[in-house]
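Engineer: pasting the sequence and the predicted coordinates here, then a few questions.
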Amino acid sequence: MNPRRARAAALLLALTAGCASPDAADRAPAPDGGAAPVSAPAGATGGARADLPPVVGHVPTDDRVVFLTYDDGAERDPRFIDLVRERRLPVSMFLTDSVVGPGYAHFARLRAVGASLQNHTLDHAALRGLPYAGQRAEICGQQRKLKSRFGVRPRLFRPPYGTYDATTLRAAADCGIAAVVLWRAVLEPDGHLTYTHGPHHLNPGDIVSVPSGEAPRLSLAERTEGLLDELEERGLRVGRLEDHVG
């Protein structure tokens, strides 16, 4: 091959490889349950980012625990507060400011009985594809909101709808997030579990997402009580996610 054609082929190969890199950050947790492999995007100065938070949908652990995570904050069931207190459940609440609205007092009571409060953006926007400034505003804005109301800056973040890209991870890192949390199982409004991948039963280390349902048939406390019964049958208990991630 003559030198000109050789240089052209090398340039084409480099461009092709570069175009493929961002797609790696769009993947959900790997099927084996570990953190999703993500290509580190270049920072503003051009250097590779070594501080990007991992994306976690399952926690490798020998403890027989699963992790209960509740999204949005639309459901404010007083009996759920009683359940968390009575059963000493270390649940994690991923809150969206525009959904919680005037209901932050409810979550102050939940925090007082042992729940942790984490970040789920200001407005529940689908982040993937948004520019850096928009993603940072959604994540950092909710960090500031929770800091001003509760005096804590969350270390965990859940992107709305579970969608994210390399820009999300860069913005999350810049907002002080230590881990991006997805899930392997979903507790549906009627109380049954669905799974993103793997066996259709709970295993140690699974993260369960409990989304806010629209007029669910069962209350949040009732759905959680049913899930606790299933955990007991499988010899599992609820673990504190923050002790294992971030």
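Structural biologist: Ah, there it is.
Engineer: what's around the residue nearest to Leu130 when sequence neighbours are not counted, how many residues?
Structural biologist: In space, Leu130 comes closest to Thr167 once its chain neighbours are excluded; the distance is 7.2 Å by Cβ to Cβ, 6 or more residues apart in numbering. All C-beta atoms are positioned from the backbone trio N, CA, C, and that covers glycine. For Thr167, the neighbour count with other Cβ atoms under 10 Å is 21.
Engineer: was I right to think Gly191 contacts Arg223?
Structural biologist: Yes - counting by Cβ atoms under 8 Å, Arg223 is a contact partner of Gly191 at 4.8 Å.
Engineer: mutual contacts of the two, please.
Structural biologist: Listed as contacting both Gly191 and Arg223 by Cβ atoms under 8 Å, 6 or more residues apart in numbering is no residue at all.
Engineer: which of the two has more neighbours?
Structural biologist: Arg223 (23 against 16).
Engineer: can you pull the pLDDT of that one?
Structural biologist: Arg223 is assigned a pLDDT of 96 by the prediction.
Engineer: so, low pLDDT: which residues of the protein?
Structural biologist: 1-48, 213-215 (pLDDT under 70).
Engineer: now the strands: where do they sit in it?
Structural biologist: 55-56, 65-72, 92-95, 116-119, 156-157, 179-181, 185-187, 193-195, 207-210, 237-238 (DSSP state E).
Engineer: and for the third one, what's in contact with it?
Structural biologist: If I follow you right, that is strand 92-95. 67-73, 107, 110, 115-120, 142, 146, 156-158, 181, 241-242.
Engineer: parallel or antiparallel, which strands does it pair with?
Structural biologist: strand 65-72 (parallel), strand 116-119 (parallel) (DSSP bridges).
Engineer: please tell me how far the residue nearest to Leu130 sits from Pro102.
Structural biologist: 32 Å (Cβ to Cβ, to the nearest Å).
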